[in-house]
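Asker: A predicted structure for the sequence below; I have some questions about it.
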Amino acid sequence: MAKKKTGRAKKSTDDLVDERKQRARSVIRRLKKLFPVAECALHHDSAFQLLVATILSAQCTDERVNMATPALFKKYPDAAGLKKSTQPAVEKIVRPLGFFRNKAANIRAMAAMLVDEFDSEIPLDIDQMVDLPGVGRKTASVVLGTWYGIPSGVVVDTHVRRISNLLGLTESQNPEIIERDLIQILPKKEWIEYSHRIIYHGRKTCIARRPQCADCGLLKYCPRIGLPPLVE
């Protein structure tokens, strides 16, 4: 005897994608009103400085990076200068940022590779960028998007990962899968600003340990996946 089916039928993949696209459009419109100007929080005056700052920001807050980079960039303003640096000298400057030995080694090796193989110019191809020491897809996407306006992907940091899950735009905790999910549902022209605005929102309202859901401008569109019901 056939088993009786119970509950709702599971949504097809196409239906789920369509639903996420509709919600994403609403979220984007609202984010633009909440944060009409959304910029990268890392201080920089060139693509090279942004690349260095982004490498240094791994496992570290942007605020701490911004405290260390003025001295670093004053002493080594470009790739040629950083290539000529010594490991102890760079370590001394970036020591407060954690993992300072690896970070110092990475930015020095990255600078040397830029000088030796790319005539001190940052390659505008993401596959070439990720071959640079210390540069992953996230770092490359930050530089290409923020400085050059090239939407090479969606930057997935801790805010983007957490809030995109709360919004029901992805079900994964893996940054690579989250990026694929977001690329599928976000218009390409929004890839860069989506991340910037979500990061602003995560710092201002959707705070990890104490999200201000009752005062959230995205509440209307947010299923609050994983959070307890709001108490009225």
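Answerer: Sure, I can see it.

Asker: OK, contacts around the residue nearest to the spatial centre of the chain?
Answerer: Geometric centre of the chain, nearest residue: Val155, 3.4 Å, by Cα atoms, centre = their mean. The contact partners of Val155, taken as Cβ atoms under 8 Å, 6 or more residues apart in numbering, are 138, 141-142, 145, 192, 195. Every C-beta, even on glycine, is put in place using the N, C-alpha and C of the backbone.

Asker: that one in helix, strand or coil?
Answerer: Assigned with DSSP: H, G, I helix; E, B strand; the rest coil, Val155 falls in the coil class.

Asker: any idea how far Pro88 is from it?
Answerer: Per Cβ to Cβ, to the nearest Å, Val155 is found 32 Å from Pro88.

Asker: could you list the domains of the chain?
Answerer: What automatic domain parsing lists as the domains of the chain is 14-32+153-221, 47-146.

Asker: mind giving me CSV with these and columns for distance to Pro229?
Answerer: Putting these into CSV (distance: least, Cβ to Cβ, whole Å) gives the following:
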stretch, distance to Pro229
domain 14-32+153-221, 10
domain 47-146, 31
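
Asker: any chance of these in JSON lines, plus distance to Val231 and mean pLDDT?
Answerer: JSON lines is the format used below for the domains of the chain (distance: least, Cβ to Cβ, whole Å; pLDDT from 0 to 100):
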{"stretch": "domain 14-32+153-221", "distance to Val231": "9", "mean pLDDT": "96"}
{"stretch": "domain 47-146", "distance to Val231": "31", "mean pLDDT": "97"}
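
Asker: next helix or strand past the longest helix along the chain?
Answerer: In the chain, assigned by DSSP state H, the helix with the most residues is helix 13-34. Sequence-wise, the next helix or strand downstream of helix 13-34 (DSSP states H and E) is helix 47-56.

Asker: buried ones in whatever helix or strand comes next after that following helix?
Answerer: Moving toward the C-terminus from helix 47-56, the next helix or strand (DSSP H and E) is helix 62-75. Neighbour-count burial for helix 62-75 flags 62, 65-66, 68-69, 72-73 (criterion: 16 or more other Cβ atoms under 10 Å).

Asker: next, format these as JSON lines and append distance to Val115.
Answerer: Formatted as JSON lines, the buried residues of helix 62-75 follow (distance: Cβ to Cβ, whole Å):
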{"residue": "Asp62", "distance to Val115": "27"}
{"residue": "Val65", "distance to Val115": "23"}
{"residue": "Asn66", "distance to Val115": "25"}
{"residue": "Ala68", "distance to Val115": "22"}
{"residue": "Thr69", "distance to Val115": "20"}
{"residue": "Leu72", "distance to Val115": "17"}
{"residue": "Phe73", "distance to Val115": "17"}
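
Asker: and the angle for the helix or strand that contains Asn102 with helix 47-56?
Answerer: Asn102 belongs to helix 100-118 when assigned by DSSP H and E. Relative orientation of helix 100-118 versus helix 47-56 (axes from the mean of the first three to the mean of the last three Cα atoms, to 10 degrees): 150 degrees.

Asker: next, the angle helix 62-75 makes with helix 100-118.
Answerer: Interaxial angle, helix 100-118 versus helix 62-75 (the same axes, to 10 degrees): 50 degrees.

Asker: and helix 100-118, what does it pack against?
Answerer: On a contact count with 3 or more Cβ pairs under 8 Å, 6 or more residues apart in numbering; DSSP states H and E, helix 100-118 meets helix 47-56, helix 79-83, helix 87-94.

Asker: cutoff 10 Å now
Answerer: Helix 100-118 makes packing contacts with helix 47-56, helix 62-75, helix 79-83, helix 87-94, helix 126-129 when contacts are defined by 3 or more Cβ pairs under 10 Å, 6 or more residues apart in numbering; DSSP states H and E.
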